[in-house]
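S.K.: Predicted model, plus sequence, below.
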Amino acid sequence: MPSKKSPSAIPFCKVCFKVMSAPSWRTLFCDPVPLCDSCFREMDSRMMRWELKWNKHQIPVHALYLYNEKIRSLLYQFKGCADIELAPIFLGSQAPLLRAMYWGYTLVPAPSFASKNEARGFNHVELMFAPLKLAILHPLVKVDDVKQANLHLEERKNIGEHLRYDERVSIVGKKILFVDDLLTTGSTAKACCELLLPHQPKKLKILVMGYTPEKWARGR
């Protein structure tokens, strides 16, 4: 039989590994998160809201963090090094508020190339947003292994050529929350929304973990 976790186990931060001895405002009023206040401050949490606008579409967007060096390092460790233990820290103490904001929505994660998920052992976007405890659908498929970081601005605008909608999945009449780890130029989010909108979701919103304002400004 698997051993049970001792209730007397000493909590520690999964980023800096320091013992979290004293309760903080986050541990008192929010979901228990294995992240100390010092590391949380370094992540520079900011709840930003704007609209993704192109053609006739205006999609509400929320971002949780500015993409700083701390976020870059943690995302690389989680995604690039397959450190699954970091999954709970990204939504962290914001999870209860976000669950209230998006109650009744269905998550649609940004698609990853299937072989990347298999090699990593998990879908990093799906796991990152698991604390929302929402139903998940996967109507979007990435048909080849194109890495956004390797594309120039103009090439990113054509990212939709590498995506398709899985017609076996219905989102008709559903409130859809499209989620991704980062929003840089907005090209991926736009391409995914272009695929989702014709399938008649009741509502469509976007939630991203990190946001790069300077790249977003160049991509508009």
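M.R.: Structure received. As the structure is a prediction and not an experimental result, all values here were calculated from the model. Residues are numbered from 1 along each chain as shown.

S.K.: hey, let's count contacts and neighbours off CA atoms from now on
M.R.: Noted.

S.K.: Run through the neighbouring helices and strands of whichever strand or helix holds residue 141.
M.R.: With secondary structure defined by DSSP states H and E, residue 141 is part of strand 140-142. Secondary-structure packing of strand 140-142 (3 or more CA pairs under 8 Å, 6 or more residues apart in numbering; DSSP states H and E): strand 163-165.

S.K.: tell me the mean pLDDT for the strand it packs on?
M.R.: Averaging the model's pLDDT scores along strand 163-165 yields 93.

S.K.: what's the answer for stretch 125-134, then?
M.R.: Across stretch 125-134, pLDDT averages out at 95.

S.K.: which residues touch that stretch?
M.R.: Taking CA atoms under 8 Å, 6 or more residues apart in numbering as the criterion, the residues outside stretch 125-134 that touch it are 87-88, 90-91, 95-96, 98-99, 103-107, 109-110, 179-181.

S.K.: now the end-to-end length of it.
M.R.: Distance between the boundary residues of stretch 125-134 (CA to CA, to the nearest Å) amounts to 13 Å.

S.K.: Tell me the buried residues in it?
M.R.: Neighbour-count burial for stretch 125-134, counted by 16 or more other CA atoms under 10 Å, picks out 125, 126, 128, 129, 130, 131, 132, 134.

S.K.: Quick one: residues in contact with the strand holding residue 141.
M.R.: Contacts to strand 140-142, defined as CA under 8 Å, 6+ apart, come from residues 108, 110-114, 162-166, 192, 195.

S.K.: and residue 208, that one's in a strand?
M.R.: Yes: counting by DSSP: H, G, I helix; E, B strand; the rest coil, residue 208 is part of a strand.

S.K.: I'd assumed residue 177 was in contact with it.
M.R.: No: under the criterion of CA atoms under 8 Å, residue 208 is not in contact with residue 177, lying 10.0 Å apart.

S.K.: and for those two, which residues touch both?
M.R.: Common neighbours of residue 208 and residue 177 are not found (criterion: CA under 8 Å, 6+ apart).

S.K.: Pick the one among the contacts of strand 140-142 closest to residue 67.
M.R.: Among the contacts of strand 140-142, residue 110 lies closest to residue 67 (CA to CA), at 17.9 Å.

S.K.: give me every residue that touches the closest one.
M.R.: Residue 110 neighbours (CA under 8 Å, 6+ apart): 125, 140, 178, 179, 180, 189, 192.

S.K.: how about 6 Å then?
M.R.: Contacts of residue 110 were listed using CA atoms under 6 Å, 6 or more residues apart in numbering, and they are residue 180.

S.K.: Got the confidence number for it?
M.R.: For residue 110, the model assigns a pLDDT of 94.

S.K.: Phi and psi next, for it.
M.R.: Phi and psi for residue 110, reported as degrees, to the nearest 10, are phi -60, psi 140.

S.K.: That one and residue 139: what is the separation?
M.R.: Plainly put, residue 110 is 10 Å away from residue 139 if you go by CA to CA.

S.K.: again with residue 58
M.R.: Between residue 58 and residue 139 the distance, using CA to CA, works out to 21 Å.

S.K.: Please apply the same query to residue 95.
M.R.: When distances are taken as CA to CA, residue 95 and residue 139 turn out to be 24 Å apart.

S.K.: could you point out where this protein is predicted with low confidence?
M.R.: 1-9, 22-31, 145-160, 214-220 (pLDDT under 70).

S.K.: Which parts of it are strands?
M.R.: Listed from the start of the chain, the chain has strands (DSSP state E) covering 45-54, 57-66, 106-109, 135-136, 140-142, 163-165, 175-183, 203-211.

S.K.: Nothing else from me, thank you.
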